[in-house]
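quick one, structure for this:
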Amino acid sequence: MALGVAAPTALGAGGDASATARYLQADYDLVRSGTSKTPRVEAALRSVLSRTKRECPAAAANSPQNPQSTELSDEVIGALVTAVVHLDLPAGRAFVRRVRPLRWSSHRLTAQIQSYVADVKTLIALPEPHLCADVRAWVAGGFATLPPTTAAFAPRFIASWVRLGDLPSALVRSAPSSQRGLIRTIGQMEWKFTDLESREVDTWAAIMNTLGLSP
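Numbers count the residues shown, from 1 in each chain. As a prediction, this is how the structure comes out:
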């Protein structure tokens with residue numbers, strides 16, 4: 001359903017309170033689904049590293065640090081993120097489907113949430129990049145030109161890369177006291193997943209070292 005024809009929930013049934021309640025429940029379901037898969041998330045990230053070690057160790061050895069290497073570094077991050085996102089595509093699609101029709105009387109809040117929804121939609125649509133093939137193609141071209149796959153993937157990924165779950169401050173401030181407990185729960189789960197992502201910076205670094213690639 002296109003944004004222009006979606007039923008504007010806040011303007012029709014229940015106003016801002018209804019839209020906020022629906023958003024919080026959708027956000028909770030998305031974050032709960034992600035955090036419930038922590039062992040699978042960690043395994044998926046390790047799998048990207050293992051595949052790189054197996055298929056293309058030192059593929060970019062002695063490569064320069066330049067704008068192309070930076071985009072390939074972005075692709076490494078994208079390979080990790082899409083591996084995680086693809087663990088539960090139905091949860092992401094359900095979030096987009098449930099939140100996309102929501103509207104608030106605050107156009108700024110509506111725009112903020114719809115921007116987040118658009119980023120989630122883009123992320124779940126991105127394919128996992130073929131990292132080894134893309135690095136080899138860059139090397140074969142004398143480090144001068146990125147393969148079309150990287151040129152298409154990396155900027156789109158970086159532009160849409162968002163964390164799991166979003167609690168805009170304006171929405172939190174306007175939520176009724178009855179929803180404070182749910183907001184705290186969502187925030188705690190979001191922090192737990194963000195902490196996991198922070199710890200996995202080491203996995204990104206290990207892949208970069210395996211490839212011999214500079215950011």
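
please make it C-alpha for all contacts and neighbour counts, starting now.
Fine.

quick one, helices of this structure?
9-12, 15-35, 38-55, 67-85, 89-99, 107-125, 131-140, 148-160, 169-174, 180-199, 201-211 (DSSP state H).

so which bits of the fifth one are buried?
Along helix 89-99, these residues count as buried under the neighbour rule (16 or more other Cα atoms under 10 Å): 91-93, 95-96, 99.

could you do the last one as well?
For helix 201-211, a neighbour-count test (16+ other Cα under 10 Å) marks 203-211 as buried.

turn the helices of the chain into a markdown table, including distance to residue 61 and mean pLDDT.
Below are the helices of the chain laid out as a markdown table (distance: least, Cα to Cα, whole Å; pLDDT from 0 to 100):
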| stretch | distance to residue 61 | mean pLDDT |
| --- | --- | --- |
| helix 9-12 | 54 | 48 |
| helix 15-35 | 35 | 94 |
| helix 38-55 | 13 | 94 |
| helix 67-85 | 12 | 95 |
| helix 89-99 | 35 | 96 |
| helix 107-125 | 30 | 97 |
| helix 131-140 | 9 | 96 |
| helix 148-160 | 18 | 96 |
| helix 169-174 | 45 | 93 |
| helix 180-199 | 26 | 87 |
| helix 201-211 | 7 | 95 |
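
now do the same end-to-end measure for stretch 164-183.
14 Å (Cα to Cα, to the nearest Å).

who touches it?
Under the contact criterion Cα atoms under 8 Å, 6 or more residues apart in numbering, stretch 164-183 has outside partners 17, 20-21, 24, 27-28, 30-31, 34, 109, 112-113, 116, 186-187, 190, 193-194.

of those residues, select the buried ones using a ChimeraX command.
ChimeraX command restricting the contacts of stretch 164-183 to the buried ones, with burial defined by 16+ other Cα under 10 Å:
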select :17,20,21,24,27,28,30,31,34,109,113,116,186,187,190,193,194
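
thinking again about what came up before, show me the two of the buried residues of helix 89-99 that sit farthest apart.
Largest separation among the buried residues of helix 89-99 by Cα to Cα: 91 and 99, giving 12.2 Å.

any idea how far residue 153 is from residue 147?
10 Å.

likewise residue 37?
33 Å.

residue contacts, the residue nearest to residue 186 when sequence neighbours are not counted?
Spatial nearest neighbour of residue 186, chain neighbours left out: residue 28 (5.7 Å); criterion: Cα to Cα, 6 or more residues apart in numbering. Residue 28 sits next to 165, 182, 186 when contact means Cα under 8 Å, 6+ apart.

give me the neighbour count for the second one.
It refers to residue 182. 15 (other Cα atoms under 10 Å).

again with residue 161
Residues near residue 161, counting by other Cα under 10 Å: 18.

was I right to think it contacts residue 121?
No - counting by Cα atoms under 8 Å, residue 161 stays clear of residue 121, with 10.6 Å between them.

separation between residue 109 and residue 23?
12 Å.

actually, residue 170.
Shown here: residue 170 relative to residue 23, a distance of 13 Å by Cα to Cα.
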